[in-house]
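Student: got a sequence here, can you model it:
(2 chains)
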Number of protein chains: 2
Amino acid sequence: VRTAAILVVGDEILSGEIADSNGPYLLARLASAGVRVARVVVTPDDEDAIADDLARLRALSDAVVVSGGIGPTHDDVTRPAAARVLGVPLARHEEAERLIRGFYRERVTDAELSMADWPRGARILLGPRTGTFGFSCCGVHVLPGVPPLFRDLADVLAVELAGPPLHRTELLTHRREGEIAPGLAAGQARAHDVAIGSYPVLEDGRWHVRVVLRGPDAARVAEVAREVRGAIQ
Amino acid sequence: VRTAAILVVGDEILSGEIADSNGPYLLARLASAGVRVARVVVTPDDEDAIADDLARLRALSDAVVVSGGIGPTHDDVTRPAAARVLGVPLARHEEAERLIRGFYRERVTDAELSMADWPRGARILLGPRTGTFGFSCCGVHVLPGVPPLFRDLADVLAVELAGPPLHRTELLTHRREGEIAPGLAAGQARAHDVAIGSYPVLEDGRWHVRVVLRGPDAARVAEVAREVRGAIQ
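Tutor: All right, here's what the predicted structure looks like:
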(Lines give C-alpha, C1' and ligand atoms only; values in the text may rest on other atoms or scores of the structure.)
Protein backbone atom coordinates (compact mmCIF):
# COMPACT_ATOMS: atom_id res chain seq x y z
CA VAL A 1 0.00 0.00 0.00
CA ARG A 2 1.04 3.63 -0.39
CA THR A 3 -0.44 5.20 2.75
CA ALA A 4 -1.35 3.96 6.20
CA ALA A 5 -2.67 5.38 9.44
CA ILE A 6 -2.08 4.20 13.00
CA LEU A 7 -4.75 4.11 15.72
CA VAL A 8 -3.44 3.46 19.22
CA VAL A 9 -6.23 2.53 21.64
CA GLY A 10 -5.75 2.98 25.36
CA ASP A 11 -6.77 5.08 28.38
CA GLU A 12 -3.44 4.05 29.94
CA ILE A 13 -1.60 6.11 27.32
CA LEU A 14 -3.88 9.17 27.39
CA SER A 15 -3.72 9.21 31.19
CA GLY A 16 0.09 9.25 31.15
CA GLU A 17 0.35 5.83 32.90
CA ILE A 18 2.35 4.28 30.06
CA ALA A 19 4.26 5.95 27.20
CA ASP A 20 3.18 4.51 23.87
CA SER A 21 5.96 2.57 22.18
CA ASN A 22 3.84 0.84 19.53
CA GLY A 23 3.23 3.95 17.42
CA PRO A 24 6.94 4.86 17.16
CA TYR A 25 7.90 1.23 16.47
CA LEU A 26 5.40 0.92 13.63
CA LEU A 27 6.31 4.34 12.20
CA ALA A 28 9.92 3.21 11.83
CA ARG A 29 8.91 -0.12 10.29
CA LEU A 30 6.50 1.45 7.81
CA ALA A 31 9.08 4.09 6.81
CA SER A 32 11.52 1.27 5.95
CA ALA A 33 8.73 -0.45 4.02
CA GLY A 34 8.10 2.65 1.87
CA VAL A 35 4.65 3.31 3.35
CA ARG A 36 3.74 6.95 4.01
CA VAL A 37 1.83 7.40 7.28
CA ALA A 38 -1.00 9.92 7.08
CA ARG A 39 -1.87 10.15 10.80
CA VAL A 40 -1.24 8.68 14.22
CA VAL A 41 -4.18 8.95 16.63
CA VAL A 42 -4.31 7.91 20.28
CA THR A 43 -7.89 7.29 21.38
CA PRO A 44 -9.54 6.16 24.64
CA ASP A 45 -11.05 2.75 25.50
CA ASP A 46 -14.43 3.92 24.26
CA GLU A 47 -16.37 2.16 21.52
CA ASP A 48 -17.78 5.34 19.97
CA ALA A 49 -14.41 7.09 20.00
CA ILE A 50 -12.64 4.12 18.41
CA ALA A 51 -15.35 3.75 15.75
CA ASP A 52 -15.27 7.49 14.90
CA ASP A 53 -11.49 7.58 14.62
CA LEU A 54 -11.27 4.34 12.69
CA ALA A 55 -13.85 5.50 10.15
CA ARG A 56 -12.01 8.78 9.67
CA LEU A 57 -8.59 7.13 9.29
CA ARG A 58 -9.95 4.61 6.76
CA ALA A 59 -11.09 7.52 4.61
CA LEU A 60 -7.58 9.05 4.77
CA SER A 61 -5.39 6.05 3.94
CA ASP A 62 -5.15 2.66 2.23
CA ALA A 63 -4.64 0.72 5.46
CA VAL A 64 -5.27 1.37 9.16
CA VAL A 65 -3.27 -0.45 11.82
CA VAL A 66 -4.96 -0.54 15.24
CA SER A 67 -3.04 -1.25 18.45
CA GLY A 68 -4.88 -2.62 21.48
CA GLY A 69 -8.32 -3.08 22.95
CA ILE A 70 -8.72 -6.75 21.94
CA GLY A 71 -8.19 -8.45 25.31
CA PRO A 72 -10.88 -10.14 27.44
CA THR A 73 -11.94 -7.35 29.84
CA HIS A 74 -14.78 -4.78 29.78
CA ASP A 75 -12.42 -2.02 28.59
CA ASP A 76 -11.45 -4.01 25.47
CA VAL A 77 -13.91 -2.62 22.91
CA THR A 78 -11.91 -2.46 19.68
CA ARG A 79 -13.57 -5.59 18.26
CA PRO A 80 -17.18 -4.31 18.35
CA ALA A 81 -16.02 -0.84 17.22
CA ALA A 82 -14.25 -2.34 14.19
CA ALA A 83 -17.26 -4.51 13.34
CA ARG A 84 -19.50 -1.45 13.42
CA VAL A 85 -17.21 0.54 11.10
CA LEU A 86 -16.84 -2.41 8.72
CA GLY A 87 -20.61 -2.90 8.64
CA VAL A 88 -20.60 -6.56 9.69
CA PRO A 89 -21.56 -8.38 12.91
CA LEU A 90 -19.04 -10.06 15.19
CA ALA A 91 -18.61 -13.77 14.50
CA ARG A 92 -16.48 -16.36 16.26
CA HIS A 93 -13.32 -17.15 14.27
CA GLU A 94 -12.70 -20.92 14.41
CA GLU A 95 -8.93 -20.93 14.19
CA ALA A 96 -8.67 -18.18 16.83
CA GLU A 97 -10.98 -20.14 19.12
CA ARG A 98 -8.85 -23.26 18.65
CA LEU A 99 -5.69 -21.31 19.52
CA ILE A 100 -7.28 -19.84 22.64
CA ARG A 101 -8.55 -23.26 23.80
CA GLY A 102 -5.13 -24.75 23.09
CA PHE A 103 -3.46 -22.12 25.21
CA TYR A 104 -5.76 -22.04 28.25
CA ARG A 105 -6.95 -25.69 28.08
CA GLU A 106 -9.63 -26.62 30.61
CA ARG A 107 -9.21 -23.35 32.51
CA VAL A 108 -10.52 -21.30 29.54
CA THR A 109 -13.19 -18.71 30.41
CA ASP A 110 -16.00 -17.15 28.33
CA ALA A 111 -14.15 -13.83 28.47
CA GLU A 112 -11.08 -15.45 26.91
CA LEU A 113 -13.14 -17.14 24.18
CA SER A 114 -14.75 -13.79 23.34
CA MET A 115 -11.31 -12.69 22.08
CA ALA A 116 -12.09 -14.86 19.02
CA ASP A 117 -15.20 -12.79 18.16
CA TRP A 118 -14.07 -10.71 15.18
CA PRO A 119 -15.78 -8.74 12.42
CA ARG A 120 -17.25 -11.45 10.17
CA GLY A 121 -14.92 -12.26 7.29
CA ALA A 122 -11.73 -11.24 9.11
CA ARG A 123 -8.61 -13.31 8.55
CA ILE A 124 -6.06 -14.19 11.21
CA LEU A 125 -2.61 -12.58 11.48
CA LEU A 126 -0.13 -14.90 13.18
CA GLY A 127 2.97 -13.79 15.12
CA PRO A 128 5.85 -16.18 14.36
CA ARG A 129 7.97 -15.37 17.43
CA THR A 130 5.35 -15.21 20.20
CA GLY A 131 2.40 -17.26 18.93
CA THR A 132 0.14 -14.24 19.37
CA PHE A 133 -2.46 -13.25 16.81
CA GLY A 134 -4.55 -10.37 15.52
CA PHE A 135 -6.88 -9.97 12.56
CA SER A 136 -7.27 -8.14 9.24
CA CYS A 137 -10.45 -7.16 7.48
CA CYS A 138 -10.83 -4.84 4.46
CA GLY A 139 -7.67 -2.84 5.11
CA VAL A 140 -8.14 -2.68 8.89
CA HIS A 141 -5.40 -4.54 10.77
CA VAL A 142 -5.95 -5.05 14.49
CA LEU A 143 -3.02 -6.02 16.72
CA PRO A 144 -2.71 -6.64 20.47
CA GLY A 145 -1.39 -3.63 22.40
CA VAL A 146 1.09 -5.44 24.66
CA PRO A 147 4.39 -4.26 23.11
CA PRO A 148 6.25 -7.58 22.52
CA LEU A 149 3.11 -9.06 20.92
CA PHE A 150 2.44 -5.90 18.91
CA ARG A 151 5.99 -5.85 17.54
CA ASP A 152 5.83 -9.51 16.51
CA LEU A 153 2.79 -8.83 14.33
CA ALA A 154 3.95 -5.35 13.22
CA ASP A 155 7.01 -6.97 11.62
CA VAL A 156 4.76 -9.36 9.68
CA LEU A 157 2.41 -6.58 8.67
CA ALA A 158 5.17 -4.19 7.52
CA VAL A 159 6.31 -6.80 4.99
CA GLU A 160 2.72 -7.36 3.84
CA LEU A 161 2.00 -3.64 3.43
CA ALA A 162 5.36 -2.73 1.82
CA GLY A 163 5.09 -0.24 -1.02
CA PRO A 164 7.64 1.07 -3.52
CA PRO A 165 10.66 2.41 -1.57
CA LEU A 166 10.96 6.09 -0.65
CA HIS A 167 14.34 7.75 -1.25
CA ARG A 168 15.77 10.22 1.19
CA THR A 169 18.68 12.59 1.37
CA GLU A 170 19.77 15.11 3.95
CA LEU A 171 21.60 18.46 3.85
CA LEU A 172 23.07 20.11 6.93
CA THR A 173 23.61 23.84 7.33
CA HIS A 174 24.69 26.20 10.09
CA ARG A 175 22.78 29.06 8.48
CA ARG A 176 19.54 30.04 10.20
CA GLU A 177 16.17 28.70 9.07
CA GLY A 178 15.10 32.30 8.50
CA GLU A 179 17.96 32.81 6.05
CA ILE A 180 17.43 29.68 4.01
CA ALA A 181 13.60 29.90 4.01
CA PRO A 182 13.32 31.65 0.58
CA GLY A 183 15.64 29.09 -1.06
CA LEU A 184 13.68 26.17 0.42
CA ALA A 185 10.33 27.65 -0.58
CA ALA A 186 11.52 28.22 -4.16
CA GLY A 187 12.88 24.65 -4.33
CA GLN A 188 9.63 23.19 -3.02
CA ALA A 189 7.56 25.28 -5.46
CA ARG A 190 9.51 23.75 -8.39
CA ALA A 191 9.48 20.13 -7.12
CA HIS A 192 6.08 18.63 -6.38
CA ASP A 193 7.40 15.05 -6.43
CA VAL A 194 9.91 15.63 -3.62
CA ALA A 195 8.93 16.65 -0.07
CA ILE A 196 11.38 19.12 1.50
CA GLY A 197 11.39 19.40 5.30
CA SER A 198 13.44 21.71 7.51
CA TYR A 199 14.26 20.76 11.11
CA PRO A 200 16.17 23.04 13.46
CA VAL A 201 18.24 21.09 15.97
CA LEU A 202 19.98 22.44 19.08
CA GLU A 203 23.20 20.48 19.67
CA ASP A 204 25.96 21.33 22.14
CA GLY A 205 24.41 24.78 22.54
CA ARG A 206 24.58 25.50 18.82
CA TRP A 207 21.74 25.51 16.31
CA HIS A 208 21.92 23.82 12.98
CA VAL A 209 19.28 22.96 10.43
CA ARG A 210 18.68 19.55 8.88
CA VAL A 211 17.01 19.77 5.48
CA VAL A 212 15.48 16.39 4.55
CA LEU A 213 14.29 15.55 1.03
CA ARG A 214 12.07 12.52 0.33
CA GLY A 215 10.47 11.13 -2.81
CA PRO A 216 9.71 8.01 -4.83
CA ASP A 217 12.34 8.71 -7.54
CA ALA A 218 15.97 8.57 -6.37
CA ALA A 219 17.31 10.60 -9.31
CA ARG A 220 14.77 13.37 -8.73
CA VAL A 221 15.56 13.49 -5.00
CA ALA A 222 19.27 13.87 -5.83
CA GLU A 223 18.56 16.54 -8.47
CA VAL A 224 16.34 18.61 -6.17
CA ALA A 225 18.90 18.21 -3.37
CA ARG A 226 21.58 19.71 -5.64
CA GLU A 227 19.32 22.65 -6.51
CA VAL A 228 18.39 23.27 -2.89
CA ARG A 229 22.03 23.00 -1.76
CA GLY A 230 22.92 25.69 -4.27
CA ALA A 231 20.03 27.91 -3.20
CA ILE A 232 20.74 27.82 0.54
CA GLN A 233 24.53 28.18 0.52
CA VAL B 1 -9.94 22.93 32.22
CA ARG B 2 -11.30 19.37 32.44
CA THR B 3 -10.29 17.95 29.06
CA ALA B 4 -7.56 18.68 26.55
CA ALA B 5 -6.34 17.28 23.25
CA ILE B 6 -2.83 17.28 21.80
CA LEU B 7 -2.02 17.91 18.13
CA VAL B 8 1.58 17.15 17.14
CA VAL B 9 2.46 18.62 13.74
CA GLY B 10 5.34 17.21 11.74
CA ASP B 11 6.26 15.15 8.69
CA GLU B 12 9.50 14.27 10.50
CA ILE B 13 7.50 12.26 13.05
CA LEU B 14 5.16 10.54 10.58
CA SER B 15 8.11 9.59 8.39
CA GLY B 16 9.91 7.96 11.31
CA GLU B 17 12.83 10.46 11.19
CA ILE B 18 12.29 11.59 14.78
CA ALA B 19 10.35 9.93 17.61
CA ASP B 20 7.88 12.39 19.13
CA SER B 21 8.79 13.27 22.72
CA ASN B 22 6.46 16.27 23.08
CA GLY B 23 3.22 14.28 23.22
CA PRO B 24 4.43 11.93 26.00
CA TYR B 25 5.92 14.86 27.95
CA LEU B 26 2.69 16.83 27.83
CA LEU B 27 0.56 13.75 28.65
CA ALA B 28 2.53 13.28 31.87
CA ARG B 29 2.28 16.99 32.79
CA LEU B 30 -1.45 17.17 32.09
CA ALA B 31 -2.09 13.97 34.09
CA SER B 32 -0.36 15.58 37.09
CA ALA B 33 -2.45 18.71 36.53
CA GLY B 34 -5.72 16.75 36.67
CA VAL B 35 -6.54 17.31 32.99
CA ARG B 36 -8.05 14.37 31.11
CA VAL B 37 -6.67 14.06 27.56
CA ALA B 38 -9.27 13.10 24.96
CA ARG B 39 -6.96 12.46 22.00
CA VAL B 40 -3.41 12.73 20.71
CA VAL B 41 -3.11 13.22 16.94
CA VAL B 42 0.06 13.39 14.86
CA THR B 43 -0.58 15.21 11.60
CA PRO B 44 1.59 16.19 8.59
CA ASP B 45 2.97 19.64 7.66
CA ASP B 46 -0.11 20.34 5.57
CA GLU B 47 -2.39 23.31 6.16
CA ASP B 48 -5.63 21.45 5.33
CA ALA B 49 -4.72 18.46 7.49
CA ILE B 50 -3.81 20.68 10.46
CA ALA B 51 -6.99 22.73 10.09
CA ASP B 52 -9.20 19.61 9.86
CA ASP B 53 -7.62 17.97 12.89
CA LEU B 54 -7.59 21.15 14.95
CA ALA B 55 -11.29 21.78 14.26
CA ARG B 56 -12.17 18.23 15.24
CA LEU B 57 -10.08 18.30 18.43
CA ARG B 58 -11.59 21.65 19.50
CA ALA B 59 -15.03 20.05 19.29
CA LEU B 60 -13.85 17.18 21.55
CA SER B 61 -12.14 19.06 24.37
CA ASP B 62 -11.88 22.31 26.34
CA ALA B 63 -8.34 23.08 25.18
CA VAL B 64 -6.11 21.96 22.32
CA VAL B 65 -2.33 22.13 22.62
CA VAL B 66 -0.50 22.18 19.28
CA SER B 67 3.18 21.29 18.94
CA GLY B 68 5.19 22.59 16.01
CA GLY B 69 4.85 24.15 12.58
CA ILE B 70 5.45 27.77 13.69
CA GLY B 71 9.01 28.29 12.41
CA PRO B 72 10.03 30.43 9.44
CA THR B 73 10.16 27.93 6.56
CA HIS B 74 7.66 26.88 3.87
CA ASP B 75 6.69 23.74 5.79
CA ASP B 76 5.63 25.75 8.86
CA VAL B 77 1.90 26.14 8.24
CA THR B 78 0.34 25.85 11.70
CA ARG B 79 -0.22 29.62 11.99
CA PRO B 80 -2.44 30.00 8.88
CA ALA B 81 -4.24 26.72 9.70
CA ALA B 82 -5.04 27.95 13.22
CA ALA B 83 -6.23 31.32 11.92
CA ARG B 84 -8.57 29.58 9.49
CA VAL B 85 -10.07 27.36 12.22
CA LEU B 86 -10.44 30.32 14.59
CA GLY B 87 -12.13 32.37 11.88
CA VAL B 88 -9.76 35.35 12.04
CA PRO B 89 -7.00 36.63 9.76
CA LEU B 90 -3.31 36.54 10.67
CA ALA B 91 -2.06 39.77 12.20
CA ARG B 92 1.42 40.74 13.33
CA HIS B 93 1.78 40.54 17.12
CA GLU B 94 3.79 43.53 18.31
CA GLU B 95 5.48 41.98 21.34
CA ALA B 96 6.43 38.88 19.34
CA GLU B 97 7.90 41.08 16.60
CA ARG B 98 9.90 43.02 19.20
CA LEU B 99 11.27 39.77 20.65
CA ILE B 100 12.25 38.47 17.20
CA ARG B 101 13.98 41.76 16.27
CA GLY B 102 15.75 41.79 19.65
CA PHE B 103 17.03 38.28 19.07
CA TYR B 104 18.20 38.53 15.44
CA ARG B 105 19.05 42.28 15.43
CA GLU B 106 20.09 43.71 12.06
CA ARG B 107 20.33 40.22 10.50
CA VAL B 108 16.55 39.64 10.85
CA THR B 109 14.80 38.30 7.73
CA ASP B 110 11.19 38.59 6.53
CA ALA B 111 10.80 34.85 7.11
CA GLU B 112 11.77 35.30 10.76
CA LEU B 113 9.43 38.26 11.21
CA SER B 114 6.56 36.19 9.79
CA MET B 115 6.82 34.03 12.93
CA ALA B 116 5.04 36.95 14.66
CA ASP B 117 1.98 36.65 12.38
CA TRP B 118 -0.63 35.01 14.60
CA PRO B 119 -4.41 34.60 14.52
CA ARG B 120 -5.68 38.10 15.36
CA GLY B 121 -6.41 38.45 19.08
CA ALA B 122 -3.90 35.79 20.17
CA ARG B 123 -1.93 36.39 23.35
CA ILE B 124 1.72 35.51 23.86
CA LEU B 125 2.91 32.56 26.00
CA LEU B 126 6.41 33.16 27.36
CA GLY B 127 8.91 30.45 28.31
CA PRO B 128 10.77 31.48 31.49
CA ARG B 129 13.79 29.21 31.05
CA THR B 130 14.55 29.57 27.34
CA GLY B 131 13.03 32.90 26.30
CA THR B 132 10.97 31.13 23.65
CA PHE B 133 7.33 31.92 23.01
CA GLY B 134 4.10 30.57 21.58
CA PHE B 135 0.54 31.86 21.50
CA SER B 136 -2.95 31.15 22.82
CA CYS B 137 -6.26 32.03 21.25
CA CYS B 138 -9.75 30.82 22.30
CA GLY B 139 -8.56 27.56 23.87
CA VAL B 140 -5.97 26.80 21.17
CA HIS B 141 -2.42 26.86 22.53
CA VAL B 142 0.38 26.72 19.96
CA LEU B 143 3.92 25.84 21.06
CA PRO B 144 7.19 25.42 19.15
CA GLY B 145 8.01 21.79 18.33
CA VAL B 146 11.73 21.84 19.24
CA PRO B 147 11.63 19.73 22.45
CA PRO B 148 13.50 21.96 24.94
CA LEU B 149 11.39 24.94 23.84
CA PHE B 150 8.17 22.91 23.87
CA ARG B 151 8.83 21.65 27.40
CA ASP B 152 9.54 25.15 28.70
CA LEU B 153 6.10 26.32 27.55
CA ALA B 154 4.33 23.04 28.36
CA ASP B 155 5.30 23.50 32.02
CA VAL B 156 3.76 26.98 32.00
CA LEU B 157 0.65 25.77 30.22
CA ALA B 158 0.09 22.75 32.49
CA VAL B 159 -0.18 25.11 35.47
CA GLU B 160 -2.55 27.39 33.56
CA LEU B 161 -4.80 24.52 32.44
CA ALA B 162 -4.80 22.64 35.78
CA GLY B 163 -8.15 21.19 36.76
CA PRO B 164 -9.39 19.50 39.93
CA PRO B 165 -7.02 16.61 40.75
CA LEU B 166 -7.76 13.05 39.60
CA HIS B 167 -7.29 10.28 42.17
CA ARG B 168 -5.78 6.98 41.25
CA THR B 169 -5.24 3.61 42.84
CA GLU B 170 -3.82 0.36 41.56
CA LEU B 171 -4.43 -3.33 42.27
CA LEU B 172 -2.06 -6.07 41.20
CA THR B 173 -3.08 -9.65 40.53
CA HIS B 174 -1.45 -12.79 39.17
CA ARG B 175 -4.84 -14.14 38.06
CA ARG B 176 -5.50 -13.98 34.32
CA GLU B 177 -7.44 -11.15 32.73
CA GLY B 178 -9.93 -13.71 31.46
CA GLU B 179 -10.62 -14.85 35.03
CA ILE B 180 -11.10 -11.41 36.55
CA ALA B 181 -13.06 -10.00 33.58
CA PRO B 182 -16.55 -10.64 35.05
CA GLY B 183 -15.58 -9.02 38.39
CA LEU B 184 -14.16 -5.95 36.64
CA ALA B 185 -17.18 -5.62 34.35
CA ALA B 186 -19.58 -5.83 37.31
CA GLY B 187 -17.53 -3.23 39.22
CA GLN B 188 -17.49 -0.87 36.25
CA ALA B 189 -21.25 -1.29 35.71
CA ARG B 190 -21.89 -0.11 39.30
CA ALA B 191 -19.39 2.78 39.30
CA HIS B 192 -19.83 5.38 36.58
CA ASP B 193 -17.72 7.97 38.41
CA VAL B 194 -14.59 5.77 38.50
CA ALA B 195 -12.79 4.51 35.37
CA ILE B 196 -11.47 0.96 35.74
CA GLY B 197 -8.66 -0.11 33.41
CA SER B 198 -6.98 -3.49 33.12
CA TYR B 199 -3.42 -3.82 31.77
CA PRO B 200 -1.66 -7.14 31.30
CA VAL B 201 2.09 -6.85 31.81
CA LEU B 202 4.73 -9.43 30.94
CA GLU B 203 7.58 -9.21 33.45
CA ASP B 204 10.43 -11.67 33.88
CA GLY B 205 8.56 -14.13 31.69
CA ARG B 206 5.48 -14.04 33.92
CA TRP B 207 2.16 -12.29 33.28
CA HIS B 208 0.43 -10.15 35.80
CA VAL B 209 -2.44 -7.71 35.52
CA ARG B 210 -2.46 -4.13 36.77
CA VAL B 211 -5.96 -2.87 37.50
CA VAL B 212 -5.98 0.95 37.63
CA LEU B 213 -8.90 2.96 39.04
CA ARG B 214 -9.21 6.70 38.45
CA GLY B 215 -11.78 9.30 39.42
CA PRO B 216 -12.35 12.83 40.74
CA ASP B 217 -13.47 11.69 44.25
CA ALA B 218 -10.74 10.01 46.35
CA ALA B 219 -13.23 8.31 48.71
CA ARG B 220 -15.19 6.82 45.80
CA VAL B 221 -12.00 5.55 44.12
CA ALA B 222 -11.00 3.83 47.37
CA GLU B 223 -14.50 2.36 47.84
CA VAL B 224 -14.69 0.98 44.29
CA ALA B 225 -11.14 -0.36 44.64
CA ARG B 226 -12.22 -2.31 47.75
CA GLU B 227 -15.23 -3.74 45.90
CA VAL B 228 -13.17 -4.70 42.86
CA ARG B 229 -10.44 -6.25 45.02
CA GLY B 230 -13.08 -8.44 46.64
CA ALA B 231 -14.58 -9.40 43.29
CA ILE B 232 -11.33 -10.43 41.59
CA GLN B 233 -9.66 -12.35 44.44
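Student: look up how far residue A:22 lies from the closest residue to residue A:21 other than its chain neighbours.
Tutor: Nearest residue to residue A:21, sequence neighbours excluded (CB to CB, 6 or more residues apart in numbering or on different chains): residue A:147, at 5.3 Å. Where you see a C-beta, it was placed from the backbone N, CA and C, and this is true even at glycine. As judged by CB to CB, to the nearest Å, residue A:147 and residue A:22 stand 6 Å apart.
Student: likewise residue A:78?
Tutor: For residue A:78, the distance to residue A:22 - CB to CB - is 13 Å.
Student: please enumerate the shared neighbours of those two.
Tutor: residue A:68 (CB atoms under 8 Å, 6 or more residues apart in numbering or on different chains).
Student: by mean pLDDT, flag the weakest helix or strand of chain A.
Tutor: Here the helix or strand of chain A ranked lowest by mean pLDDT, DSSP states H and E is strand A:195-203, holding a mean of 87.
Student: rewinding a little: contacting residues for the residue nearest to residue A:21?
Tutor: Contacts for residue A:147 (CB under 8 Å, 6+ apart) come out as A:21, A:22, A:25.
Student: how about those residues in CSV, adding neighbour count and secondary structure?
Tutor: CSV is the format used below for the contacts of residue A:147 (neighbours: other CB atoms under 10 Å in any protein chain shown; DSSP: H, G, I helix; E, B strand; the rest coil):
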residue, neighbour count, secondary structure
A:21, 16, coil
A:22, 25, helix
A:25, 20, helix
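Student: can you map out the strands along chain A?
Tutor: Per DSSP state E, chain A carries strands over the ranges A:3-9, A:36-43, A:63-67, A:90-92, A:117-119, A:123-126, A:133-137, A:140-143, A:167-173, A:195-203, A:206-215.
Student: most neighbours per residue, which of those strands?
Tutor: strand A:63-67 (a mean of 28; mean count of other CB atoms under 10 Å in any protein chain shown).
Student: in its sheet, what does that one sit against?
Tutor: Paired strands of strand A:63-67, with direction, are strand A:3-9 (parallel), strand A:140-143 (parallel) (DSSP bridges).
Student: can I get those in JSON lines with mean pLDDT?
Tutor: Below are the strands paired with strand A:63-67 laid out as JSON lines (pLDDT from 0 to 100):
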{"stretch": "strand A:3-9", "mean pLDDT": "97"}
{"stretch": "strand A:140-143", "mean pLDDT": "98"}
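Student: looking at those, spot the one closest to residue B:98.
Tutor: For residue B:98, the closest of the strands paired with strand A:63-67 is strand A:3-9, at 41.3 Å, according to CB to CB.
Student: between that closest one and strand B:36-43, how many degrees?
Tutor: Using axes from the mean of the first three to the mean of the last three CA atoms, to 10 degrees, the inter-axis angle of strand A:3-9 relative to strand B:36-43 is 170 degrees.
Student: number of residues surrounding the nearest residue to residue A:47 once chain neighbours are set aside?
Tutor: Nearest non-adjacent residue to residue A:47, counting by CB to CB, 6+ apart: residue A:77, 4.3 Å away. Residue crowding around residue A:77 was assessed by other CB atoms under 10 Å in any protein chain shown; the count is 20.
Student: if we can go back for a sec, mind checking the strands paired with strand A:63-67 for the one nearest to residue B:161?
Tutor: Once the strands paired with strand A:63-67 are compared by CB to CB, strand A:3-9 is nearest, at 22.8 Å.
Student: show residues contacting that closest one.
Tutor: With CB under 8 Å, 6+ apart as the criterion, strand A:3-9 contacts A:20, A:22-23, A:26-27, A:30, A:35-45, A:50, A:53-54, A:57-58, A:60-69, A:78, A:145, A:161.
Student: distance of the nearest residue to residue A:167 once chain neighbours are set aside from chain B?
Tutor: Nearest residue to residue A:167 in three dimensions, chain neighbours excluded: residue A:218, at 4.2 Å (CB to CB, 6+ apart). Distance, residue A:218 to chain B, by CB to the nearest CB, to the nearest Å: 16 Å.
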